[in-house]
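>>> sequence? don't have it. structure:
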């Protein structure tokens, strides 16, 4: 239900309550009530970024063209969603039932057809250039929205192409380097701290230090033993060793009725872990799900190994965030580096196609249950003005309350805006 504010920022609901002053509610009681409401801290904003490495096929998922020729429309058929007028692929039934919780952006477009450059572009929102590595979303969020000291701020499940870039290592992700397994406590000990150093290696170094005789254990010796482990890696170790962090990483602590909709596959369990981390107070989590580079056997791979876990895990993510009261404060973005060619090749596959693809966005104050943008009749390109990666980035940051035009400075002193070009998409917000 929307909340309406008067000019003095008093909500209509509170104004009605104040009207009861004449019928038994004293002014002192009302002031106590409003003070209690004001004292209750608002939940901080956070984000989940789902990256579909390889480039998912837009025409076989969220931008279907059933009236196109057979060598374009492919084998799959559209189905209705729970939002009248919106259709998506028949192999996404769970996402069809919760389409009111996300927006489909169609006609997203860029010109970088290589995996590496396209990945950098879609994970940072600024077109990559040789002279500068832009920070990914998680690094920016970690800097702008610092979280609790006993929790990591940026967790990647199992890894992420997002880097800290010119912001420096303190904003780099903690990578789990593995995906959770259903029914088993997730082992956080394999998480990378810095330069590939794991928790086990860090603990072995400290045990070795404790075994060295005090006579020979000087500052220089200690420095050699923990070479490469700076203050930020030590802070990272303290974070993931805290009781709250260990509980958040332990997916077996989730109630069965909450965990069950995610399925037992690794993508679903990764989505479950991301939700648990956000609920615990982690500000930014990424889930990477690769295998979408379907140059051959596109339809078989999509039908048998890609779409079923994607559909189940992502739908459970949206539904569980909503059920836990977290969706309004958690921004979700789902994208690959580009789409696939509308025309099917000789190997029953689709090739790289950055000219037109789809992105899902939801939560964080973004409207659900709508399609923004459009593609032409054969999904070859945008119908009208395209959405750029910069616009996607600006919108994502806007949902988090981050000014994407803010300037940072590189180590050399060069001023750089978070997003070089583009403004947020107005229709995305209520």
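Everything's here; your move. Computed from a prediction, not measured in an experiment: that's the story for all the values here.

>>> from here on, contacts and neighbour counts on C-alpha atoms
OK.

>>> can you give me the strands in the stretch 301-430 of the chain?
Assigned by DSSP state E, counting those that start in this stretch, the strands in the stretch 301-430 of the chain fall at 330-335, 339-340, 352-353, 357-362, 370-372, 407-409, 415-417.

>>> From the chain's centroid, how far away is the second one?
Read that as strand 339-340. On the basis of C-alpha atoms, centre = their mean, to the nearest Å, the separation between the geometric centre of strand 339-340 and that of its chain is 20 Å.

>>> who's in contact with that strand?
Outside strand 339-340, the residues within contact range by C-alpha atoms under 8 Å, 6 or more residues apart in numbering are 55-59, 350-358.

>>> for the fifth one, same thing?
Residues from elsewhere that reach strand 370-372, judged by C-alpha under 8 Å, 6+ apart: 83, 86, 100, 102-106, 427-428.

>>> again, 7 Å this time
103-106 (C-alpha atoms under 7 Å, 6 or more residues apart in numbering).

>>> Roughly how far does the closest residue to residue 425 other than its chain neighbours sit from residue 42?
If the residues on either side of it in the chain are set aside, residue 425 comes closest to residue 395, at 5.9 Å by C-alpha to C-alpha, 6 or more residues apart in numbering. In this structure, residue 395 and residue 42 are 22 Å apart, going by C-alpha to C-alpha, to the nearest Å.

>>> Ok, residue 112 next?
Distance of residue 112 to residue 42, given as C-alpha to C-alpha: 40 Å.

>>> what do you get for residue 117?
From residue 117 over to residue 42 (counting by C-alpha to C-alpha), the distance is 38 Å.

>>> quick one, what contacts residue 292?
52-56.

>>> want to throw those residues into a markdown table with distance to residue 400, secondary structure and neighbour count?
Compiled in a markdown table, the contacts of residue 292 are given as follows (distance: C-alpha to C-alpha, whole Å; DSSP: H, G, I helix; E, B strand; the rest coil; neighbours: other C-alpha atoms under 10 Å):
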| residue | distance to residue 400 | secondary structure | neighbour count |
| --- | --- | --- | --- |
| 52 | 22 | coil | 21 |
| 53 | 24 | coil | 20 |
| 54 | 27 | coil | 23 |
| 55 | 26 | coil | 27 |
| 56 | 26 | coil | 30 |
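
>>> Those into JSON lines, with extra columns for distance to residue 265 and pLDDT?
What follows is the contacts of residue 292, written out as JSON lines (distance: C-alpha to C-alpha, whole Å; pLDDT from 0 to 100):
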{"residue": "52", "distance to residue 265": "16", "pLDDT": "98"}
{"residue": "53", "distance to residue 265": "17", "pLDDT": "98"}
{"residue": "54", "distance to residue 265": "19", "pLDDT": "98"}
{"residue": "55", "distance to residue 265": "20", "pLDDT": "98"}
{"residue": "56", "distance to residue 265": "19", "pLDDT": "98"}
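
>>> Could you pull out the strands in the stretch 1-150 of the chain for me?
Taking DSSP E, counting those that start in this stretch as the criterion, the stretch 1-150 of the chain contains strands spanning 46-51, 78-80, 87-89, 103-108.

>>> for the ones you listed, which one sits closest to residue 288?
Of all the strands of the stretch 1-150 of the chain, strand 46-51 sits nearest to residue 288, with 4.8 Å by C-alpha to C-alpha.

>>> Remind me what the closest one packs against, helices and strands.
Using 3 or more C-alpha pairs under 7 Å, 6 or more residues apart in numbering; DSSP states H and E as the contact criterion, the secondary-structure elements in contact with strand 46-51 are strand 284-288, strand 330-335.

>>> Let me have these in JSON lines, adding mean pLDDT as columns.
Formatted as JSON lines, the entries for the helices and strands packed on strand 46-51 read as follows, by pLDDT from 0 to 100:
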{"stretch": "strand 284-288", "mean pLDDT": "98"}
{"stretch": "strand 330-335", "mean pLDDT": "98"}
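
>>> Go through these and pick out the most buried.
For the helices and strands packed on strand 46-51, the stretch with the most neighbours on average is strand 284-288, a mean of 26; neighbours defined as mean count of other C-alpha atoms under 10 Å.

>>> residues near residue 312, how many?
Close neighbours of residue 312, defined as other C-alpha atoms under 10 Å, add up to 22.

>>> check contacts around it.
With contacts defined as C-alpha under 7 Å, 6+ apart, the neighbours of residue 312 are 94, 262-263, 268.

>>> Can you name the residues bridging to the most centrally placed residue in the chain?
The centroid of the chain falls nearest to residue 49 when counting by C-alpha atoms, centre = their mean (1.4 Å). Note on residue 49: beta-bridge partners residue 286, residue 333, judged by DSSP bridges.

>>> Could you tell me how many residues sit around residue 252?
A total of 18 residues lie near residue 252 under the criterion other C-alpha under 10 Å.

>>> so residue 48 touches residue 332, yeah?
Yes. In this structure, residue 48 is within contact of residue 332 by C-alpha atoms under 7 Å, at 4.9 Å.

>>> one step back: which of the contacts of strand 370-372 sits closest to residue 303?
Where the contacts of strand 370-372 are concerned, and distances follow C-alpha to C-alpha, residue 303 has its nearest neighbour in residue 104, at 20.8 Å.

>>> re the thing from before, tell me which of residue 395 and residue 42 has more neighbours.
The neighbour comparison of residue 395 against residue 42 (other C-alpha under 10 Å) goes to residue 395, with 24 against 9.

>>> sorry, back to before: now for the strands of the stretch 1-150 of the chain, which one comes closest to residue 297?
Residue 297 lies closest to strand 87-89 among the strands of the stretch 1-150 of the chain, at 17.4 Å (C-alpha to C-alpha).

>>> Now the closest one: average pLDDT?
Here strand 87-89 scores 98 as its mean pLDDT.

>>> Repeat that for stretch 373-387.
For stretch 373-387, mean pLDDT rounds to 97.

>>> gap between that stretch and the chain center?
Distance, centroid of stretch 373-387 to centroid of chain: 25 Å (C-alpha atoms, centre = their mean).

>>> go on, stretch 261-281?
What separates the centre of stretch 261-281 from the centre of its chain is 12 Å, taken as C-alpha atoms, centre = their mean.

>>> Rounded mean pLDDT for that stretch, please.
pLDDT averaged over stretch 261-281 equals 97, rounded to a whole number.

>>> residue contacts, the residue nearest to residue 317 when sequence neighbours are not counted?
Residue nearest to residue 317 in three dimensions, not counting chain neighbours: residue 271, with 6.0 Å by C-alpha to C-alpha, 6+ apart. For residue 271, the residues meeting the contact criterion (C-alpha under 7 Å, 6+ apart) are 287, 313-314, 317.
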